[in-house]
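J.: show me how the following folds:
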Amino acid sequence: MKYLIIGGVAGGATITARLRRLDEKAEIILFERGEYVSYANCGLPYYIGDIITDRDKLFVQTAEGFTQRFRVDIRTRQEVIAIHPETKQVEVKNLATGETYLQSYDKLALSPGAEPLRPNIQGINSKKIFTLRNVPDTDAIKQYTLQEKPRHAVVVGGGFIGLEMAENLHALGITVAVVEMANQVMAPLDYSMAAIVHQHLNDKNVELILEDGVKHFEENGKGIRVHLQSGKIIETDMVLLSIGVRAETKLAKEAGLSIGALGGISVNKYMQTSDPSIYALGDATEVTHLVTGKAALIPLAGPANKQGRIVADNMVFGNKETYEGSIGNSIAKIFDLTVAAAGANAKLLKREGIPYLSSFTHSASHAGYYPGAVSLSIKVLFSPENGQVFGAQVVGFDGVDKRVEMLGQVIQRKGTINDLITLEQAYAPPYSSAKDPVNMAGYVANNILTGKVKTIHWREIADLGNETILVDVRTEEEYRLGTLPGAINIPVDELRERLGELPKDKPIIVSCAVGLRGYLAYRILTQNGFTDVRNLSGGYKTWHAASIKADKMLYTKPCR
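T.: Numbering: from 1, shown residues only. Below is the predicted model of the structure:
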């Protein structure tokens, strides 16, 4: 049996190694148009920022090492330029010599990945403008920072790679500006959670320009001018483009393979394309989103590795192993902050017409009495009918990874908020609280679902009429540090004695720091004859972070 694999890195390299373990006698050929067959592309920004100092540690396996261990034919710098399914052949171009040749196959696996978007705008081809996808891109950026010693950089795009690059360029002593067309960074997050990231970037002196895009670039002596749609001009020394990726489907399209509505290669649950002899995986394929049940493009290394194992098994043994889909569980380090998401966010649920409720909690990362506890914010989105958890977002400084994985397991198995309550975690004061933040998120969501509390979200505060009474139930000291516009202060510990100060015929909104004391106040009021009461979800902390959107220039420092 002859197996061909097009593309290395996470997907292709996994298939290749697995195929050999399953079939010692098979002929296995991997084509990689670059020089490197298996490297840690997720680690590339950290090499640029000198967090990873040894370049060789980026390479999971070399072509020589792969060949020696698995006795497979690794052909680097050789690009497959056409697939001929009717004859079961591929056309290959040797990039070193320019020659082309045909190679036959019995079964073929496509792992072409995705390419960075590079819009066709004036000045885009400047040598001071970079994208980051592979090792040569990394080497080019690294060399530029060492030789040209840039003092200022513009990162266009506020996604995972863009913000990781902003951090690592900042670590080199470079002043960084981030330009993002949307009204927030980190698209997997909802605005209220992304606002925490905005604050952190501001604290780190990263210039953040939201709701603005690049009109064109202009070289200016040793530097480059970035002209924005708003008319602003940023003088900088280098630009990193990180505005998204596009599935590489050219080969598949030209071979007549089915392409999905989102532009990725269509595959079935066996990761098989419309041609029974050709499989595909990774960033170039459309898979099922496990929350919406619809096709999605989820360009993440974890799913690609899992798909690689499934593809290899099905190529050897026939279609037995299935890939059910993904919830897009993702995480990133943004300076001191960790940002993670799993499942669907509010934007996706709204787009798909899926009704949902949401809750915010701000807990401590571990027991408050143990030193070093820091804030951990969780947003949970769930069904108003049965409490099924649709999505979760976690932002904090410690323990974010394990919480998003706990939440992700519930989402993946179509669990409910009651499953969040009953999750049993390993507890000791340095690591958690007896009621873990995920348990607390479940308790709060359950209170909302069962009607024990009615909530109002931060966006709705600005639309309240003058007849609504806002009551801040924090201490007087906390109240003085900042409160909702027009709110009066009645600390929750004094509320029972001061009920006469509040009218029963007007709507009342109670708020506190994070929602807990507001819930206590809600229960006191509703059991004492107040019928129109709501608690501010996530408290003043969520409102304050998110409402700064009203004046985005608070996050925007003057351009150079």
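
J.: how distant is stretch 470-487 from the center of its chain?
T.: Centroid separation between stretch 470-487 and its chain, computed with CA atoms, centre = their mean, to the nearest Å, is 34 Å.

J.: I meant to write stretch 282-292 there.
T.: 15 Å.

J.: one more: stretch 147-159?
T.: Worked out by CA atoms, centre = their mean, stretch 147-159 lies 21 Å from the chain centre.

J.: list the buried ones in it?
T.: By neighbour count on 16 or more other CB atoms under 10 Å, the buried set for stretch 147-159 is Pro150, His152, Ala153, Val154, Val155, Val156, Gly157, Gly158, Gly159. All C-beta spots, glycine's among them, are computed from the backbone N, C-alpha and C.

J.: closest to Phe66 out of the residues you listed?
T.: Gly159 (31.1 Å; CB to CB).

J.: that closest one contacts Leu189, doesn't it?
T.: No - shown here, Gly159 and Leu189 do not form a contact pair, counting by CB atoms under 8 Å, at 10.7 Å.

J.: need the helices for the stretch 151-300 of the chain, in chain order.
T.: Shown for the stretch 151-300 of the chain, the helices assigned by DSSP state H, counting those that start in this stretch span residues 160-171, 191-203, 250-254.

J.: how about TSV for those, with mean neighbour count and distance to Asp419 added?
T.: Shown next, in TSV, are the helices of the stretch 151-300 of the chain (neighbours: other CB atoms under 10 Å; distance: least, CB to CB, whole Å):
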stretch	mean neighbour count	distance to Asp419
helix 160-171	24	28
helix 191-203	22	22
helix 250-254	17	39
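
J.: need those in TSV with mean pLDDT and distance to Glu79, can you?
T.: Output for those, formatted as TSV (pLDDT from 0 to 100; distance: least, CB to CB, whole Å):
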stretch	mean pLDDT	distance to Glu79
helix 160-171	95	24
helix 191-203	95	38
helix 250-254	96	10
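
J.: is it possible to get CSV of those helices that adds distance to Thr145?
T.: As requested, these are exported to CSV (distance: least, CB to CB, whole Å):
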stretch, distance to Thr145
helix 160-171, 8
helix 191-203, 20
helix 250-254, 32
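
J.: quick one, which of those gets closest to Gly396.
T.: Set against Gly396 and scored by CB to CB, the helices of the stretch 151-300 of the chain come closest in helix 191-203, at 8.6 Å.

J.: the closest one - contacts with which helices or strands?
T.: Helix 191-203 sits against helix 160-171, strand 207-210, strand 330-334, strand 337-343, strand 375-382, strand 389-396, helix 539-547, with contacts defined as 3 or more CB pairs under 8 Å, 6 or more residues apart in numbering; DSSP states H and E.

J.: report the distance from that helix to the chain centre.
T.: Distance of helix 191-203 from the chain centroid (CA atoms, centre = their mean) equals 14 Å.

J.: next: stretch 244-253.
T.: With CA atoms, centre = their mean, you get 21 Å for stretch 244-253.

J.: now do stretch 130-144
T.: On CA atoms, centre = their mean, the centre of stretch 130-144 falls 22 Å from that of its chain.

J.: could you do stretch 407-424 as well?
T.: That offset, for stretch 407-424, works out to 20 Å (CA atoms, centre = their mean).

J.: for that stretch, buried residues please.
T.: Going by 16+ other CB under 10 Å, stretch 407-424 has these buried residues: 407-408, 410-412, 415-421, 423.

J.: next: stretch 85-103.
T.: Buried-residue list, stretch 85-103, by 16+ other CB under 10 Å: Pro85, Lys88, Gln89, Val90, Val92, Lys93, Gln103.

J.: which one among those residues gets closest to Glu352?
T.: Nearest to Glu352 out of the buried residues of stretch 85-103 is Pro85 (CB to CB; 34.3 Å).

J.: which of the helices and strands packed on helix 191-203 sits closest to Gln307?
T.: Of the helices and strands packed on helix 191-203, nearest to Gln307 by CB to CB is strand 330-334, at 16.2 Å.

J.: CSV for the buried residues of stretch 85-103, including distance to Glu211 and secondary structure?
T.: Output for the buried residues of stretch 85-103, formatted as CSV (distance: CB to CB, whole Å; DSSP: H, G, I helix; E, B strand; the rest coil):
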residue, distance to Glu211, secondary structure
Pro85, 46, coil
Lys88, 51, coil
Gln89, 50, strand
Val90, 45, strand
Val92, 46, strand
Lys93, 43, strand
Gln103, 49, strand
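
J.: out of the residues you listed, which comes closest to Ile234?
T.: Lys93 (39.9 Å).

J.: tell me the spacing between the closest one and Phe382.
T.: 52 Å (CB to CB, to the nearest Å).

J.: try Ala255
T.: For Ala255, the distance to Phe382 - CB to CB - is 43 Å.

J.: kindly report the same for His362.
T.: His362 is 18 Å from Phe382, by CB to CB.

J.: could you check which of the two has the larger neighbour count?
T.: Using other CB atoms under 10 Å as the criterion, His362 and Phe382 rank with Phe382 on top: 27 against 21.

J.: how much space separates that one from Asp419?
T.: Taken as CB to CB, the span from Phe382 to Asp419 is 11 Å.

J.: before we move on, what about Tyr36?
T.: Tyr36 is 42 Å from Asp419, by CB to CB.

J.: which residue is the nearest non-sequential neighbour of Tyr144?
T.: Leaving out its chain neighbours, the residue that sits closest to Tyr144 by CB to CB, 6 or more residues apart in numbering is Met238, at 6.3 Å.

J.: same deal with Tyr270?
T.: In space, Tyr270 is closest to Asn319, 4.1 Å off (CB to CB, 6+ apart).

J.: report pLDDT for Asp493.
T.: If you check Asp493, the pLDDT there is 97.

J.: again with Lys557
T.: Per-residue confidence (pLDDT) for Lys557: 39.

J.: okay then, goodbye and thanks.
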